[in-house]
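1. Fold the following and give me the result.
(2 chains)
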Protein chains: 2
Amino acid sequence: MINSQSVDEIIIAEWIVPVIPRNVVLEDHALVVKNGVIHDLLQKEEALQKYSGQITDLKNHLLIPGLINTHTHAPMSLLKGYADDLPLMEWLNNHIWPAEGKHICDEFISDGADIAFAEMIKSGTTCINDMYFFPELVAKRAINCGMRATVGLIVIDFPSAYANDADNYIAKGLDLHKELQDCALVKTAFAPHAPYTVSAKPLEKIVLLADDLDLKIHMHLHETSDEVKQFVKQHGQRPISKMKELGVFSSRLNAVHMTQLNNEEIDLVADHKVNVIHCPESNLKLASGFAPAAELISAGVNLSLGTDGSASNNDLDLLGEAKTAALIAKGRSLNAETVPAATALEMATINGARTLGIDKITGSLEIGKQADVVAINMSSINKKPVYNPVSQLIYCSNHDITTVWINGRKLLDNRQLTTLDETELSDKAMYWQKRISSDF
Amino acid sequence: MINSQSVDEIIIAEWIVPVIPRNVVLEDHALVVKNGVIHDLLQKEEALQKYSGQITDLKNHLLIPGLINTHTHAPMSLLKGYADDLPLMEWLNNHIWPAEGKHICDEFISDGADIAFAEMIKSGTTCINDMYFFPELVAKRAINCGMRATVGLIVIDFPSAYANDADNYIAKGLDLHKELQDCALVKTAFAPHAPYTVSAKPLEKIVLLADDLDLKIHMHLHETSDEVKQFVKQHGQRPISKMKELGVFSSRLNAVHMTQLNNEEIDLVADHKVNVIHCPESNLKLASGFAPAAELISAGVNLSLGTDGSASNNDLDLLGEAKTAALIAKGRSLNAETVPAATALEMATINGARTLGIDKITGSLEIGKQADVVAINMSSINKKPVYNPVSQLIYCSNHDITTVWINGRKLLDNRQLTTLDETELSDKAMYWQKRISSDF
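-> This is a model prediction of the structure:
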């Protein structure tokens, strides 16, 4: 190997789907990683001649970019399956909020976040966009296990264990933003909860601060028809109209759910370059309805995917979310060509990176980006034959994800977590289950 | 162990959900199997005192009845992912039917069926309701691997590699029915393909024969709006109306898909005690629409689940289908209480047994029924905590199914197939992939 260039890892796979460029499936290629970055992507034979380094030869595997889950409430993993088959407001008011009110503490947040990260890494997620109380703890746990994250600087009008009033939430958020400003792995975004929980004054303040600090605004919007109706009753206008008035409605806005949109609002979303975060399974499970995914895509809107928290899904499996998104978009539009498999994969990767403003560093397997990569073993009989690996990835279930890299670091190796202890986390989950169940 | 009664196997699990009675979760119980039959279901300690036999102690596991997939075209596993993101008629006319026309032969049917059975056993299915050409080969492969099945005696007006005309299909079907009449594992049903492919005369003949032989009629019905429109254009009435006229519309009928139903038809379905086989993922993927599951359930209709063939899903994962069915029923009805997890599990088990007329022998974990049982390991972090195992089963993905019994025989043991060779089947899938891909 005279003159071969030294790199950290040469990952060989049967198929590599880089996502950018679109609709490309590379066979027998290698992804070359150096200093956490994708250094090269080339034919296997060529790679082995040109580079020397640790060789990871993944037969029967498909490599894709790390999945980006753009709407999570990670610590809610402790409430997975706690209250099912209930409508949103009953679920929130009578079950989730009382449980949170009683149990939220540092330990709840940290354990819940770790459990969510473990599940997400095992199912191929390498980056999340989180919104929860005590974002500094979620950030700390993400850094601890090596998960890429944008943590939401949560703002609600009401007092909680975390803060007293909107100004207090904002102040705490600004402190955290400052603390994280040199962190490459974890970024921040403003996260005013929703138009019905955050009033005009703090929203206007957030708009100014977001402009000043160049931050995204992560917000639940038009989740249910009831929420829209109530807002109209109180304010005489629909929430989107109010958000437009307050300056929230801009390309900084990452609007979550958006199941209730009329045609005019779809145009507004497109015109203002608002990113829409589509959480189809949560919207179905809570009976909020169907976001108009096909119409938004046709209008040119950037649509990414989120699982929402574990209490309303109940899994954090972004490939499953991509399948659901593709299927219901076809069913709703009565057009089987709507959201083809490749588009669903884009929604789960590069579109998520665009939503978070980090598409220069992740979201596709392009030279120069960070090595956020997922390897899926396609050898199980439920994946065979493989006419098109992207179809099998999106439309089949029960994926065998064997290896996950974030920044070139293996966080999952041969199906085992390397930075989190699954047995310990399982015990913690059982501890919380007992503690929370004792309320029944 | 003086006086303890000798049995074949004592299966101990953390949770047992027998499905009948409803909403029961037994903790630390044992299922006792003798001669392939559920001999007892009782507390673990009591079981260990009362019985002696092989003890299978499944810590962290949930036991449920074997899943019943009531609409499959098993051999189509060879066309999994062959033509995706296309509408039904283009998919059938320009892709699936030409590929079938060119490739169907004994080997295609047998290999395809084995591959489907392998995937289904690994995902917890213990019984299928199949419809395909050469049902005698599918029956033979089911018997070979120990899968419970009802094979459809397929009838179409048009000639195929299997038969020349409707009479010829019926005659071949009757031969197979006779051949299988003493087979406990594999039963038959008439399977006229659809109103648009089978004319009145053979349908009338099938009605008489089905009455005579006491057989079910398995048929695609009202799958797409286009199909209904075309039928009305040709016959001046909707397909259901025609089927009623011909005597097909009765409690013998297992009507597949039914996405296009007006209120009057929903009442007709209920009045005639027609069983509806709901295939939500196939209906979404082919953009056929949404079957009115909530309305059918409210009307008292027996609703079971099917994956349809691998070419339109693309998996044969019935738990995934149950999740999709539960979610879209909530989304469509805008009522989160519609199809709760326990109902979805019933649809995947006992309702399927009712559809096939075998609810006396399978579909629930009741004493006296055959031991068709599935064990799911709930210890992975994506299942924790477990407030309600039925919620985790239906709403979480990526299930770790470790053991599957049919008639008390382990067909999956520690995640390994015992009656099928997965490596050999994988090679066969690759062989067919190359052969079929060469048409492109």
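2. any weak-confidence spans in chain A?
-> A:1-2, A:440 (pLDDT under 70).
3. Let me see the domain layout of it.
-> Residue ranges for the domains of chain A, per automatic domain parsing: A:5-65+A:373-406, A:67-356.
4. Can you get me the start-to-end distance on the longest one?
-> Between the opening and closing residues of domain A:67-356 there is a gap of 13 Å (CA to CA, to the nearest Å).
5. What of stretch A:323-342?
-> 11 Å.
6. So that stretch, near chain B or not?
-> Yes. Using CB under 8 Å from any CB of the partner chain as the criterion, contacts between stretch A:323-342 and chain B involve A:324, A:327-328, A:330-331, A:333-338, A:340-341. In this view, the C-beta of every residue, glycine as well, is placed from N, C-alpha and C.
7. Would you mind finding the most buried of the domains of chain A?
-> Of all the domains of chain A, domain A:67-356 carries the top mean neighbour count, a mean of 22, counting by mean count of other CB atoms under 10 Å in any protein chain shown.
8. centre of the chain versus that domain, how much separation?
-> 9 Å (CA atoms, centre = their mean, to the nearest Å).
9. sorry, back to before: will you turn the domains of chain A into a markdown table that also has distance to residue B:429?
-> Converted to a markdown table, the domains of chain A look like this (distance: least, CB to CB, whole Å):
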| stretch | distance to residue B:429 |
| --- | --- |
| domain A:5-65+A:373-406 | 4 |
| domain A:67-356 | 19 |
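10. Tell me which two of the residues of stretch A:323-342 next to chain B sit farthest apart.
-> A:334 and A:341 (18.5 Å; CB to CB).
11. What parts of the stretch 51-200 of chain A come near chain B?
-> Counting by CB under 8 Å from any CB, the residues of the stretch 51-200 of chain A that sit close to chain B are A:78, A:80-82, A:84-88, A:91, A:115, A:118-119, A:122-123.
12. and with 7 Å instead?
-> With CB under 7 Å from any CB of the partner chain as the criterion, the stretch 51-200 of chain A meets chain B at residues A:78, A:80-82, A:84-87, A:115, A:118-119, A:122-123.
13. how about those residues in JSON lines, adding secondary structure?
-> Below are those laid out as JSON lines (DSSP: H, G, I helix; E, B strand; the rest coil):
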{"residue": "A:78", "secondary structure": "helix"}
{"residue": "A:80", "secondary structure": "coil"}
{"residue": "A:81", "secondary structure": "coil"}
{"residue": "A:82", "secondary structure": "coil"}
{"residue": "A:84", "secondary structure": "coil"}
{"residue": "A:85", "secondary structure": "coil"}
{"residue": "A:86", "secondary structure": "coil"}
{"residue": "A:87", "secondary structure": "coil"}
{"residue": "A:115", "secondary structure": "helix"}
{"residue": "A:118", "secondary structure": "helix"}
{"residue": "A:119", "secondary structure": "helix"}
{"residue": "A:122", "secondary structure": "helix"}
{"residue": "A:123", "secondary structure": "coil"}
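14. Test of understanding: give the bridge partners of the residue sitting nearest the centre point of chain A.
-> Centroid check for chain A by CA atoms, centre = their mean gives residue A:69 as the closest residue, at 1.3 Å. Residue A:69 forms beta bridges with residue A:128, as assigned by DSSP bridges.
15. Contact partners for it?
-> A:120, A:125, A:128, A:306, A:307, A:316, A:318 (CB atoms under 7 Å, 6 or more residues apart in numbering or on different chains).
16. Let's see which of the residues you listed end up in helices.
-> A:120, A:318 (DSSP state H).
17. Now for the contacts of residue A:69: which two are most distant?
-> Farthest pair in the contacts of residue A:69, by CB to CB: A:120 and A:306, 11.7 Å.
18. just to revisit the earlier point, kindly reformat the residues of the stretch 51-200 of chain A next to chain B as JSON lines and extend each row with distance to residue A:365.
-> Shown next, in JSON lines, are those (distance: CB to CB, whole Å):
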{"residue": "A:78", "distance to residue A:365": "34"}
{"residue": "A:80", "distance to residue A:365": "31"}
{"residue": "A:81", "distance to residue A:365": "35"}
{"residue": "A:82", "distance to residue A:365": "38"}
{"residue": "A:84", "distance to residue A:365": "37"}
{"residue": "A:85", "distance to residue A:365": "40"}
{"residue": "A:86", "distance to residue A:365": "41"}
{"residue": "A:87", "distance to residue A:365": "41"}
{"residue": "A:115", "distance to residue A:365": "29"}
{"residue": "A:118", "distance to residue A:365": "24"}
{"residue": "A:119", "distance to residue A:365": "24"}
{"residue": "A:122", "distance to residue A:365": "20"}
{"residue": "A:123", "distance to residue A:365": "19"}
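19. my guess is residue A:133 contacts residue A:103, does it?
-> No. Between residue A:133 and residue A:103 there is no contact under CB atoms under 7 Å: 11.4 Å.
20. which one of the contacts of residue A:69 is nearest chain B?
-> Of all the contacts of residue A:69, the one with the least separation from chain B (CB to the nearest CB) is residue A:316, at 7.3 Å.
21. which element is residue A:270 on?
-> helix A:263-271 (DSSP states H and E).
22. What is that helix packed up against?
-> Packing contacts for helix A:263-271, counted by 3 or more CB pairs under 7 Å, 6 or more residues apart in numbering or on different chains; DSSP states H and E, involve helix A:239-245, helix A:293-298.
23. Pull stretch A:150-160 out as CSV, backbone CA atoms only.
-> Taking Å, rounded to 0.1, in the frame of the first residue of the first chain, the C-alpha atoms of stretch A:150-160 are listed here in CSV:
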residue,chain,number,x,y,z
THR,A,150,-30.8,20.9,18.7
VAL,A,151,-32.4,21.5,22.1
GLY,A,152,-35.3,23.8,22.3
LEU,A,153,-35.2,26.8,24.7
ILE,A,154,-38.6,26.1,25.9
VAL,A,155,-41.0,29.0,26.7
ILE,A,156,-44.5,28.8,28.2
ASP,A,157,-46.5,31.4,30.0
PHE,A,158,-47.2,29.2,32.9
PRO,A,159,-44.9,28.3,35.8
SER,A,160,-43.4,24.8,36.0
